[in-house]
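[1] Just to be clear, the model below is a prediction. Sequence and coordinates:
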Amino acid sequence: MFLRQQIAIVVVILQAFHITHCFDVAKYGVFRISSLRSSTSVDDQTYIRNSFEQKLLDRLRRNDTTSPIVAEGYVIAKRSLGKHLVFVDFEIRQDGKPDLCQAMIRKEYFTGEGLGGYRRCLLKGTKLKVVGTASPTRNPGNSVLLLQSIELLGLPRQSQHIHIILNQCMEGMIPMDEVANACNVEKSILVEKLNHIRNSRSNVNDPTDAGTRKAMNTFSKEILFDLPNDPTYPVGVDQKLLSKKGNFLVPEAPKGWLKVPRFVKQKTPPTRRIRKETVQEVLALPFQEEDTISFSGWVQNRRRFTGNITVIALVDNLIPLSEDSSDVLNIDTDRISCLLHPRLTDRADLYQNLLSVGAKVQVEGRLLHDTSLGETILWIHHINLIRSSSRSATIRGLLDMMAERKIDSEEAADALMMPYSEALYVSHTMDATDLQWKANQLAVRLQEASKSRRSRVVSPELLFIMEKYRHCAEMHPPIMTCTLAETALTAARFKIPNAIKAIPMGVPGSNWMAKKKPQLEWMGQQIRSVLASHPDFGKRKLNILDIGGGKGSLANYLGQAMDDVYVHVVDICAGAVANGEAKARRLELPVNFQLADASSSDLDVIKADVVVALHACGHLSDIALAHAVNRDAGFVIVPCCFNSNPHLTIPGPNKTAVHDWLGLPESDWNVLKLLAEVQGDIPFANEAIGILCAVRAEAARSRMLQRGTLKGGKVEIRQFPIEYSTRNTVLVGTCDGRRLSD
């Protein structure tokens, strides 16, 4: 009897620390972690749930995944995985305080109308009313609102975003009533205004018509000016603040995590120190509460909470996500959640920014079953980084920590797969720009080393399509033109007259110094070499046509750097054209800007000896290539964003679809574009980009042969250093058929 009373007292004490269901003390004395996952009572209410996510979890505890939940809030972040899967964060109000609603849109579960239009209107600051149901995620103890319908309530405080919403309304993608109410105007006035804008198009079927864009820009600014004050708007009207801070609104930490349990923070030596290699071994492990457990795993998920608390899910192998996202809701049980608490380890603040998906860590701590969440959590005492994530931003952060001596150099070097001597050189001698280049380089290296853990499964059918066109890549293999160190020397070789004074210096580590400036220098070298191949080079000033040149960064650089060219820029963005034109006029450059659509406007009157395009999005690259072929001109074209601008067609008397101009089925073309945009695997994406660009190069070469130009139609695929950009594959055609390497 006395023994039973003691056991009863122990059980009561354990209940106070939320570990009642961890084990049966009287019967077993030890327990297995795997048995804890189903030991939580559905009706257990260990602490009061007051956050929105906690309310969703309460629904799941009752197995209620059908009752509708209504919420109103402002979009603060969006992440799209294709057209049919979108994750959205809303800021909502709970008892007058801001709270986070994490939602998911899946096409097969969305029962409302206008999914395509609403998906485009999920812009930061947009106020929406959403209806959905509680849904589990891959992460035990985590839930999202699975949306069924959306209603527009309010507009973002940025005219460009209002422009997008008005366009969707004008095209009938979202209800006119909702937009009118959000704009604070009468529906009849909105209909009349949008009809007037639509009727002013020079091309009725083209929503990107320059006149339409200008009228819509003006109307958007008028609406923004007349919007009433909204005291609940997340950050007032400061959109820059919203874009920088809005993404970092994190859910409230469960109350059981705010204080470190005594059982966890006891500094007495453990009864046993258990070391295992894998998560699977730990899950099958019988242990006692005094044991300290150590193991390693890959970070598959990271969740941040208030109070600088971070929870990571460690697995033995990263679970790949296929193009079919039907497995997103499946919960993987072969994982252990690990909690990094600032009061338990002084390295919490340091490591929470390094533990992004794809990192591998060694952790040591004590396991505790959280009955309120229904999962076992390892409270981390010590943590070491074994392998860094391949995210460039994470790598750059790790390099900065090395430079500031916040992390052990040997640990960082091993995590980045760098020799220790190289790590010391990087951390102590490189400036901010060099560090950014090094981060981009290391990202590729880490991804190449982890091909077996590709973040996305590519089906055999898609790979078959890619292999079908590999012969094009063999005909047009990519040529790396120069390394980082050779870029400046190459400029002297091609004798760009004023290259140095044409490129202003910037702040080390800025986007200008790390990406834009070196790309402009590289493009100048390639364009100069193509100009030099023209028969009239040195005899007259040659004409350069810049397709989609925007505000003229490349064109104005060429106008400053070269004394023997005229540059003509074509773009559909009125604001960018006006800015570029003003700068060219101020610097008295031989650069002309024209507001026009390169795919629909008649540009034959524009003379062009060389056609250029820097990061031409999607089909705009094919438009630029067609302009070069039709003019018997040389070209330097950098493709980008391969799925963008799918509506564009090849200009001419009869509109020609891009895939027809390239000479392949539309289905194959769509697959190649899809594979070129694979995320999280730069080497594979670059391989797909190389094949896609080779298809374009072969199409251009064939059409040149038909026209009898370029003496056999010599076309090359060139690459600039990937440190500048992962979109570094370039189509280059000379004016006389002579290879650039000759």
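    Yes, it's here. Predicted model only: the values in this text are computed from it and were never measured.

[2] Spell out, range by range, the helices that occur in the stretch 151-300 of the chain.
    Ranges of helices within the stretch 151-300 of the chain are 159-170, 176-183, 187-199, 210-226, 239-245, 255-258, 262-265, 279-283, based on DSSP state H, counting those that start in this stretch.

[3] Just say helix, strand or coil for His382.
    Classification of His382 using DSSP: H, G, I helix; E, B strand; the rest coil returns strand.

[4] Could you report the separation of it from Arg213?
    57 Å (C-beta to C-beta, to the nearest Å). C-beta: built from backbone N, CA, C; applies to glycine.

[5] picking that back up, tell me which of the helices of the stretch 151-300 of the chain sits most buried.
    For the helices of the stretch 151-300 of the chain, the largest average neighbour count (mean count of other C-beta atoms under 10 Å) is found in helix 159-170, namely a mean of 21.

[6] Check which helices and strands it sits against.
    Secondary-structure packing of helix 159-170 (3 or more C-beta pairs under 8 Å, 6 or more residues apart in numbering; DSSP states H and E): helix 115-120, helix 176-183, helix 187-199, helix 210-226.

[7] so can I have CSV of those showing distance to Cys338?
    Below are the helices and strands packed on helix 159-170 laid out as CSV (distance: least, C-beta to C-beta, whole Å):
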stretch, distance to Cys338
helix 115-120, 34
helix 176-183, 43
helix 187-199, 52
helix 210-226, 46
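
[8] pretty sure Asp660 is in a helix, no?
    Yes. Asp660 forms part of a helix when assessed by three-state DSSP.

[9] would you turn the helices and strands packed on helix 159-170 into JSON lines with distance to Val610 and mean pLDDT?
    JSON lines is the format used below for the helices and strands packed on helix 159-170 (distance: least, C-beta to C-beta, whole Å; pLDDT from 0 to 100):
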{"stretch": "helix 115-120", "distance to Val610": "36", "mean pLDDT": "87"}
{"stretch": "helix 176-183", "distance to Val610": "45", "mean pLDDT": "92"}
{"stretch": "helix 187-199", "distance to Val610": "37", "mean pLDDT": "87"}
{"stretch": "helix 210-226", "distance to Val610": "25", "mean pLDDT": "83"}
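
[10] quick one: which of those is nearest Thr429?
    helix 115-120 (46.2 Å; C-beta to C-beta).

[11] from the chain's centre, how far out does the closest one sit?
    Distance of helix 115-120 from the chain centroid (C-alpha atoms, centre = their mean, to the nearest Å) equals 19 Å.

[12] Next, the buried residues of it.
    By neighbour count on 16 or more other C-beta atoms under 10 Å, the buried set for helix 115-120 is 115, 117-120.

[13] What about the residue lying closest to His84 once chain neighbours are set aside, how many residues nearby?
    Of all residues not flanking His84 in the chain, Lys107 sits nearest, at 4.0 Å (C-beta to C-beta, 6 or more residues apart in numbering). Neighbour count of Lys107, defined by other C-beta atoms under 10 Å: 14.

[14] how about Lys107, phi and psi?
    Dihedral angles of Lys107 (phi, psi; degrees, to the nearest 10) stand at phi -60, psi -40.

[15] thinking it is in contact with Gly116, fair?
    No. Using C-beta atoms under 8 Å, Lys107 is not in contact with Gly116, being 9.6 Å away.

[16] Please tell me how far the helix or strand harbouring Val638 is from the chain's geometric centre.
    Taking DSSP states H and E as the criterion, Val638 maps to strand 634-640. Distance of strand 634-640 from its chain centroid, counting by C-alpha atoms, centre = their mean, is 24 Å.

[17] now do stretch 641-657
    25 Å.

[18] again, but for stretch 145-163
    Centroid separation for stretch 145-163 versus its chain: 21 Å, with C-alpha atoms, centre = their mean.

[19] List the buried residues of it.
    Quick answer for stretch 145-163 (16+ other C-beta under 10 Å): 145-159, 161-163.

[20] Which pLDDT does the model give Glu151?
    The score at Glu151 is 94. That number is its pLDDT.

[21] residues in contact with it?
    Counting by C-beta atoms under 8 Å, 6 or more residues apart in numbering, Glu151 touches 128-130, 178.

[22] ok, back up a step: want to try CSV for the helices of the stretch 151-300 of the chain, with distance to Glu723 as columns?
    Formatted as CSV, the helices of the stretch 151-300 of the chain follow (distance: least, C-beta to C-beta, whole Å):
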stretch, distance to Glu723
helix 159-170, 31
helix 176-183, 44
helix 187-199, 44
helix 210-226, 35
helix 239-245, 25
helix 255-258, 40
helix 262-265, 44
helix 279-283, 35
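
[23] and of those helices, who's closest to Asn592?
    Set against Asn592 and scored by C-beta to C-beta, these come closest in helix 210-226, at 15.9 Å.

[24] picking up where we left off before, what about the contacts of Glu151, which are in helices?
    The helices, defined by DSSP state H, take in Glu178 from these.

[25] now for the contacts of Glu151, which pair is the farthest apart?
    Pairwise distances across those (C-beta to C-beta) peak at 13.0 Å, for the pair Val130 and Glu178.

[26] Number of residues surrounding Asp346?
    Asp346 has 8 neighbouring residues, counting by other C-beta under 10 Å.

[27] ugh, wrong one, I meant Ile92
    16.

[28] What of Gly663?
    By other C-beta under 10 Å, 12 other residues sit near Gly663.

[29] Can you name the residues that contact it?
    699, 702.

[30] Recalculate using a threshold of 6 Å.
    Applying C-beta atoms under 6 Å, 6 or more residues apart in numbering to Gly663 gives the contacts Ala699.

[31] which one is Leu545 nearest to, not counting chain neighbours?
    Leaving aside its sequence neighbours, Leu545 sits nearest to Ala608 (C-beta to C-beta, 6+ apart; 3.7 Å).

[32] all strands of the stretch 351-500 of the chain, in order?
    For the stretch 351-500 of the chain, applying DSSP state E, counting those that start in this stretch gives strands covering 360-370, 375-387, 456-457, 478-480.

[33] okay, the ones you listed in CSV with mean pLDDT, mean neighbour count and distance to Ala676 next?
    Shown next, in CSV, are the strands of the stretch 351-500 of the chain (pLDDT from 0 to 100; neighbours: other C-beta atoms under 10 Å; distance: least, C-beta to C-beta, whole Å):
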stretch, mean pLDDT, mean neighbour count, distance to Ala676
strand 360-370, 86, 21, 28
strand 375-387, 88, 20, 27
strand 456-457, 54, 14, 13
strand 478-480, 84, 15, 14
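
[34] would you list those in CSV and tack on distance to Ala412?
    As requested, those are exported to CSV (distance: least, C-beta to C-beta, whole Å):
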stretch, distance to Ala412
strand 360-370, 13
strand 375-387, 7
strand 456-457, 28
strand 478-480, 28
